[in-house]
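Chemist: Sharing a model prediction with you, sequence too.
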Amino acid sequence: MRVITGSARGRKLTAPAGLDVRPTTDNVKESVFSIIQFSIEGRRFLDAFAGSGQMGIEALSRGAEAAVFLDHAGVPLNCVKKNLEAAGLADRAQVLRTDTLAYLSSADGHFDIVYLDPPYGTGLLQKALQLCPRMMNPGGIILCEHPAGESLPDEVGDFLLKKNYKYGKIIVTVYSHKEVDGI
């Protein structure tokens, strides 16, 4: 696992050992950042269910103003902190040990890009997705990584499903505000 491009290009990242964390593949990560490449600079990024933190770190490396990393477990968050230090990006990051659904329900923060990649088959994605619109800035984008057999709604709040991108057994679903054309 590595940072693909930007200020931390080529820096190696680590993931916690075991099956509890399933890092996004470099192929999917590269595709996701191709989709949102013109929407990153100067934006606030939320890496929910952060695991290794690689998605938020990639966003910071590509010019995001700030990133918030959420996970409920200490081991993944320690990994996120180490990866942020190794990439030289810790000064623009906030790492929180919290229940993601509780955070999404109560946080006052507003984000431009939210990346949701919870453990598959738990129902967490659908619950988290429903909570995201309230904390999005105008023109925001919600990205959901999920297995191909899992369906998501066509709209959530004022956000519409714009496109599904399939990468083998993985789908990335992109939502944007109903008043925004394209991504």
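Modeler: Nice, thanks for sending it over.

Chemist: Would you map the strands across this structure?
Modeler: Counting by DSSP state E, the segments of the chain that form strands are 44-48, 66-71, 93-97, 111-116, 136-147, 155-156, 159-167, 170-177.

Chemist: Out of these, which one sits most buried?
Modeler: Among the strands of the chain, the stretch with the highest mean neighbour count (mean count of other CB atoms under 10 Å) is strand 44-48, at a mean of 27. The way it works is simple: take the backbone N, C-alpha and C, and place the C-beta from them, glycine included.

Chemist: Name every strand pairing with it and say which way it goes.
Modeler: Sheet pairing of strand 44-48 (DSSP bridges) gives strand 66-71 (parallel), strand 111-116 (parallel).

Chemist: got these as TSV, with mean pLDDT and distance to Ala128 columns?
Modeler: Formatted as TSV, the strands paired with strand 44-48 follow (pLDDT from 0 to 100; distance: least, CB to CB, whole Å):
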stretch	mean pLDDT	distance to Ala128
strand 66-71	96	10
strand 111-116	96	5
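
Chemist: can you put those strands in JSON lines and add distance to Thr173?
Modeler: As requested, the strands paired with strand 44-48 are arranged in JSON lines below (distance: least, CB to CB, whole Å):
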{"stretch": "strand 66-71", "distance to Thr173": "19"}
{"stretch": "strand 111-116", "distance to Thr173": "9"}
